[in-house]
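Asks: what follows is a predicted protein model with its sequence.
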Amino acid sequence: MSRPLSFPVERKRFTAMHELGHLLLDFDDTLPQKDVERFCNLFANEMLISQDVFKKLLGVSRHDISLNELRAIQSNYGISVEAQMFKAKQLGIISESRYKYFCITKNKNQAFREQVEKSTFHEEKFNRFSSLVYRALASELISFSKASELLNESIYVVREQLELV
């Protein structure tokens, strides 16, 4: 049996919100799948930190944003540095060229990439996420395999936890 994939907490939270977007948003069948995925990503990003809160934290226009600022937001809100930079670009806080520079630097500089991808969202805060995953599972909104992936637990452990209630 293979080991469940291990993703940072921030990625799990984003994925859960993205999947919730698929469940809640009523997309027209003629909408291209690429657009559906983009809308679900926007939904997830907004659910993790609203644009109003984000703008209060960073301002409405910046030339650059320090990694320390982004890490503080990451620690408090559980949203990855990458998702924050995308949101900053989407809201016009930073320019398209600044966002591209961030992506290029992340892809070319291994040390920078490791800093960007490092999780700072504390596991203690993960209990709420875990509770929401089990609630979605109990409500039959997600499958055991999806819950297993999101919680980084085997399907057997997830089944056992659900049955204990």
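Replies: Everything's here; your move.
Asks: and the pLDDT for L91?
Replies: pLDDT, L91: 96.
Asks: check contacts around it.
Replies: By CB atoms under 8 Å, 6 or more residues apart in numbering, L91 lies in contact with 51, 54-55, 60. Where C-beta positions appear, they are placed from N, C-alpha and C, glycine not excepted.
Asks: which ones are touching L70?
Replies: Per CB under 8 Å, 6+ apart, neighbours of L70: 81, 84-85.
Asks: just to revisit the earlier point, now render the contacts of L91 as CSV, adding distance to E117, secondary structure and neighbour count.
Replies: Converted to CSV, the contacts of L91 look like this (distance: CB to CB, whole Å; DSSP: H, G, I helix; E, B strand; the rest coil; neighbours: other CB atoms under 10 Å):
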residue, distance to E117, secondary structure, neighbour count
Q51, 24, helix, 13
F54, 20, helix, 22
K55, 25, helix, 16
V60, 27, coil, 9
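Asks: picking that back up, would you turn the contacts of L70 into JSON lines with pLDDT and secondary structure?
Replies: Putting the contacts of L70 into JSON lines (pLDDT from 0 to 100; DSSP: H, G, I helix; E, B strand; the rest coil) gives the following:
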{"residue": "V81", "pLDDT": "93", "secondary structure": "helix"}
{"residue": "Q84", "pLDDT": "95", "secondary structure": "helix"}
{"residue": "M85", "pLDDT": "95", "secondary structure": "helix"}
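Asks: tell me which of those is nearest to N109?
Replies: V81 (13.7 Å; CB to CB).
Asks: about what we covered before: nearest to S6, of the contacts of L91?
Replies: Among these, and counting by CB to CB, the member closest to S6 is F54, at 27.7 Å.
Asks: grab the nearest non-local neighbour of that closest one.
Replies: Among residues not flanking F54 along the chain, K87 sits closest, at 5.9 Å (CB to CB, 6 or more residues apart in numbering).
Asks: which residues does the one you found contact?
Replies: By CB under 8 Å, 6+ apart, the contact list for K87 reads 45, 49, 51, 54, 79, 93.
Asks: just flag the most distant two among the residues you listed.
Replies: Between any two of these, the greatest separation by CB to CB is 14.3 Å, found for I79 and I93.
Asks: picking that back up, who wins for neighbours among the contacts of L70?
Replies: Counting neighbours by other CB atoms under 10 Å, Q84 leads these with 25 neighbours.
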